[in-house]
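*Asks:* give me a model of this one.
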Amino acid sequence: MAEKIHFTFLGTGSAIPTAKHNHPSLLLQYKDENILIDCGEGTQRQIRVAHLNPCKITKILITHWHGDHVLGLPGLLQTLMFSNYNKQLDIYGPKGTKKMTELYLSLFVGKSDQLKIQVHELENNDIIDEKDFFISCKSMSHDTESLAYSFNIKEKTRINKAKLKKLKIPNSPLIAQLLQGKTIEINKKKINPKNLLYKEQARKITIIMDTKFNQNAVNLAENSDILISEATYSAQEKELAQNHFHLTSADSAEIARKSHAKKLILTHLSQRYEINPKIILNEAKKIFKNTIIAEDFMKFEI
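*Replies:* Coordinates of the predicted model:
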């Protein structure tokens with residue numbers, strides 16, 4: 001079976017947190033990768049409440065450097081330092097990320113240089129390419145340097161390990177031959193690769209945070225299995241959203257519709273909709289039916 005992508009909403013609020021909604025953060029897990037997207041104030045406590053281990057984080061993706069998306073970073077980094085985190089932590093973000101990371105590290109009372117941190121500043125269309133997946137990004141339209149990210153599983157031919165074990169096929173060059181589609185012979189028995197191989201299908205999750213509606217967002221989200229998008233404002237507040245460089249519920253739904261996404265998850269709702277988030281949900285569903293609203297600690301897998 002294909003390896004699952006798991007993701008946990010650690011914070012789904014906006015600029016001002018509430019009793020129910022922490023500042024924005026999301027943890028995406030795939031195989032040995034634990035990728036944190038944004039790190040609002042209180043994120044490391046949310047990680048603990050969700051029974052996750054901060055020392056397993058391998059990458060941090062910063063969408064932009066507004067406080068509600070990053071003020072949890074100094075505390076998280078200090079916890080990693082105190083916990084003798086011994087991996088290289090890769091931090092990615094828009095232009096200015098190196099300067100801001102250095103500033104945050106300077107807040108420590110102690111030796112922050114024991115953390116192995118590699119900071120990468122990304123630009124529009126940059127790609128983080130790994131063996132089994134890649135992360136693409138595009139510039140957004142916000143009042144500061146801002147990126148949206150797409151996590152993509154590469155389509156790959158895989159071999160059924162349980163069947164290998166059952167057929168007693170050793171870990172040898174025979175495996176490579178099977179993956180090449182060649183019939184092999186073992187113990188005088190011919191093994192057809194079609195009986196052992198399967199396709200791990202490409203999958204895609206796109207995360208769009210603070211931005212005005214823009215074509216880059218539509219292009220990045222194209223054919224996403226899940227689109228996670230901010231929806232700070234109601235459709236009735238379009239002018240306000242424009243003035244503050246944010247999306248309305250209708251904007252987010254329009255991105256999902258135009259990009260042919262399969263599912264839309266709304267997050268980063270203004271605290272004004274704490275009591276009645278259905279205002280946002282219903283507006284979005286008029287345009288894109290398969291829409292839900294995220295809550296803190298909500299989990300999904302695909």
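*Asks:* from here on, contacts and neighbour counts on C-alpha atoms
*Replies:* Fine.
*Asks:* who's in contact with G11?
*Replies:* 21-26, 40, 43, 46, 295-297 (C-alpha atoms under 8 Å, 6 or more residues apart in numbering).
*Asks:* let me know the closest of those to K154.
*Replies:* For the contacts of G11, the residue nearest K154 by C-alpha to C-alpha is L26; the value is 21.5 Å.
*Asks:* circling back: tell me which of the contacts of G11 fall in helices.
*Replies:* Counting by DSSP state H, the part of the contacts of G11 found in helices is 43, 46.
*Asks:* beta partners for T8?
*Replies:* L27, K299 (DSSP bridges).
*Asks:* my read: it touches I228, true?
*Replies:* No. Using C-alpha atoms under 8 Å, T8 is not in contact with I228, being 11.8 Å away.
*Asks:* compare those two (neighbour count), which wins?
*Replies:* Taking neighbours as other C-alpha atoms under 10 Å, T8 and I228 compare with I228 leading, 25 against 22.
*Asks:* how far away is that one from N152?
*Replies:* In this structure, I228 lies at 14 Å from N152, with C-alpha to C-alpha, to the nearest Å as the measure.
*Asks:* same deal with N219?
*Replies:* In terms of C-alpha to C-alpha, N219 sits 14 Å off from N152.
*Asks:* who's more crowded, the two?
*Replies:* When N219 and N152 are compared for neighbours, N152 comes out ahead with 19 against 13, by other C-alpha under 10 Å.
*Asks:* where does the more buried one land in three-state SS?
*Replies:* Put simply, N152 is strand when judged by DSSP: H, G, I helix; E, B strand; the rest coil.
*Asks:* please list all residues in contact with it.
*Replies:* By C-alpha under 8 Å, 6+ apart, the neighbours of N152 are 133-136, 202-205.
*Asks:* the helices in the stretch 1-150 of the chain, which residues?
*Replies:* Along the stretch 1-150 of the chain, the stretches classed as helices by DSSP state H, counting those that start in this stretch are 43-49, 67-70, 73-82, 97-105.
*Asks:* what's the mean pLDDT across the longest one?
*Replies:* Translated: helix 73-82. Average pLDDT, helix 73-82: 94.
*Asks:* show me what that helix is in contact with.
*Replies:* Contacts with helix 73-82, where a contact means C-alpha under 8 Å, 6+ apart, come from 39-41, 43-44, 54-55, 104-105, 107-108, 112, 114-115.
*Asks:* which one of the residues you listed is nearest to H69?
*Replies:* Using C-alpha to C-alpha, G40 is the member of these that sits closest to H69, with 4.2 Å.
*Asks:* thinking again about what came up before, among the contacts of helix 73-82, which one has the most neighbours?
*Replies:* Of the contacts of helix 73-82, C39 is surrounded by the most neighbours, 30 neighbours in total, counting by other C-alpha under 10 Å.
*Asks:* leaving out sequence neighbours, find the closest residue to H260.
*Replies:* Leaving aside its sequence neighbours, H260 sits nearest to N223 (C-alpha to C-alpha, 6 or more residues apart in numbering; 5.1 Å).
*Asks:* quick one: closest of the helices of the stretch 1-150 of the chain to H142.
*Replies:* Judged by C-alpha to C-alpha, the one of the helices of the stretch 1-150 of the chain that comes nearest to H142 is helix 67-70, at 13.5 Å.
*Asks:* name the residues of the closest one that are buried.
*Replies:* By neighbour count, and taking 16 or more other C-alpha atoms under 10 Å as the criterion, the buried residues in helix 67-70 are 68-70.
*Asks:* likewise stretch 32-48?
*Replies:* By neighbour count with 16+ other C-alpha under 10 Å, stretch 32-48 contains the buried residues 34-47.
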